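Enquirer: make a model of this:
(one chain, ligands or ions: 1)
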Amino acid sequence: MYILYNHPWSQHARRIIALMEEAGLEYELRHVALDKGEHMSPEYLAINPDHQVPAFLDGDVTICQSNAVLRYLCAKHDLEAWYPRDSEKLARVEQWLDWNQCRLAPTVADIVVNKVILGERGDKEALARGEKNLTRLAPILEAGLEGRDYLAGDAPTIADLSVASNITQLEMAEAAPSSPNIAAWYQRVSAIDGFAKSMPKVQMA
Ligand SMILES: N[C@@H](CCC(=O)N[C@@H](CS)C(=O)NCC(=O)O)C(=O)O
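Expert: Residues are numbered from 1 along each chain as shown. You can find the predicted model right below:
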């Protein structure tokens, strides 16, 4: 049984839930109360010294980066459809996984943290920076989806689960890009059973 330290609003945790659901893997969720600072407690820091959710436990193995967990599960359970071996498809998956972490994620954090989570207490400059960056990044995603149903081709991979989990955050902040390729792709990913099951049951503040 896998253990996932989780918060329902964490897009990073949800992408792992989506894959585990799709693969029929057994897991236990352990709630980390980020709003109460539980991620800074000595108990949690012993699990993830970098104080972030998610943390993933497989017996003695602990993994603390969400995309690394996705890759681990695919390798361990031979989920080739989700993490293709074909070098060209694999390169596309890796590119979007990294783009998501390096480019989209900081922008999403700027918007969601400062618009939704902190509300009036949010940093207006950081919010403006996020909104400006998103106008540059959204067309890159839009172009990447031109002529294909999913990021690596005609079937969903862990890249789609990862990137789409950030689009969910933007939806919650009423800031999701509305361009046609992104909108149609996001609908397709949302219809994946595991992705639907990973969605938060409670709305953000
Ligand atoms: N790159 C990390 C990002 C994880 C992350 O940003 N987690 C947020 C919640 S969604 C968090 O725990 N924030 C609290 C903190 O950074 O102290 C991953 O992919 O797992």
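
Enquirer: give me the residues contacting the top helix by length along the chain.
Expert: Determined from DSSP state H, the single longest helix within the chain is helix 124-144. The contact list for helix 124-144, computed with C-beta atoms under 8 Å, 6 or more residues apart in numbering, reads 96, 99, 103-104, 106-111, 113-115, 151, 163, 170, 175, 177, 179-182. Any C-beta I mention is one placed from the backbone N, CA and C, and that applies to glycine too.

Enquirer: what mean pLDDT does that helix have?
Expert: Averaged over helix 124-144, pLDDT sits at 98.

Enquirer: after it, which helix or strand is next?
Expert: Note on helix 124-144: by DSSP states H and E, the next helix or strand toward the C-terminus is helix 158-172.

Enquirer: for Pro200, give me the pLDDT.
Expert: On the pLDDT scale, Pro200 gets 85.

Enquirer: and it, how far from the ligand?
Expert: The spacing between Pro200 and the ligand, counted by C-beta to the nearest ligand atom, to the nearest Å, is 11 Å.

Enquirer: next one: that residue from Asn114, what distance?
Expert: Applying C-beta to C-beta, to the nearest Å, the value for Pro200 to Asn114 is 19 Å.

Enquirer: which residues does His31 contact?
Expert: Asn6, His7.

Enquirer: bridging residues for it?
Expert: Asn6 (DSSP bridges).

Enquirer: distance of it from the ligand?
Expert: 13 Å.

Enquirer: pLDDT wise, what is that residue at?
Expert: On the pLDDT scale, His31 gets 97.

Enquirer: likewise Glu120?
Expert: So, for Glu120, pLDDT stands at 92.

Enquirer: pretty sure it sits in a strand.
Expert: No: going by DSSP: H, G, I helix; E, B strand; the rest coil, the assignment for Glu120 is helix, not a strand.

Enquirer: just the C-alpha atoms of stretch 166-186, please, in PDB.
Expert: This file holds the C-alpha atoms of stretch 166-186, laid out as PDB (Å, rounded to 0.1, in the frame of the first residue of the first chain):
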ATOM      1  CA  ASN A 166      -2.100  23.100 -13.100                       C
ATOM      2  CA  ILE A 167      -4.800  24.100 -15.500                       C
ATOM      3  CA  THR A 168      -7.300  23.000 -12.800                       C
ATOM      4  CA  GLN A 169      -5.600  25.400 -10.400                       C
ATOM      5  CA  LEU A 170      -6.000  28.200 -13.000                       C
ATOM      6  CA  GLU A 171      -9.700  27.300 -13.400                       C
ATOM      7  CA  MET A 172     -10.200  27.700  -9.700                       C
ATOM      8  CA  ALA A 173      -8.600  31.100 -10.000                       C
ATOM      9  CA  GLU A 174     -10.800  31.900 -13.000                       C
ATOM     10  CA  ALA A 175      -7.600  32.400 -15.000                       C
ATOM     11  CA  ALA A 176      -7.500  29.300 -17.200                       C
ATOM     12  CA  PRO A 177      -6.600  30.000 -20.900                       C
ATOM     13  CA  SER A 178      -9.600  29.700 -23.100                       C
ATOM     14  CA  SER A 179      -7.900  29.100 -26.500                       C
ATOM     15  CA  PRO A 180      -9.400  26.300 -28.500                       C
ATOM     16  CA  ASN A 181      -6.700  23.600 -28.400                       C
ATOM     17  CA  ILE A 182      -6.200  24.000 -24.600                       C
ATOM     18  CA  ALA A 183      -9.900  24.100 -23.900                       C
ATOM     19  CA  ALA A 184     -10.600  20.900 -26.000                       C
ATOM     20  CA  TRP A 185      -7.600  19.100 -24.500                       C
ATOM     21  CA  TYR A 186      -8.500  20.000 -20.900                       C
END
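
Enquirer: much appreciated, bye for now.
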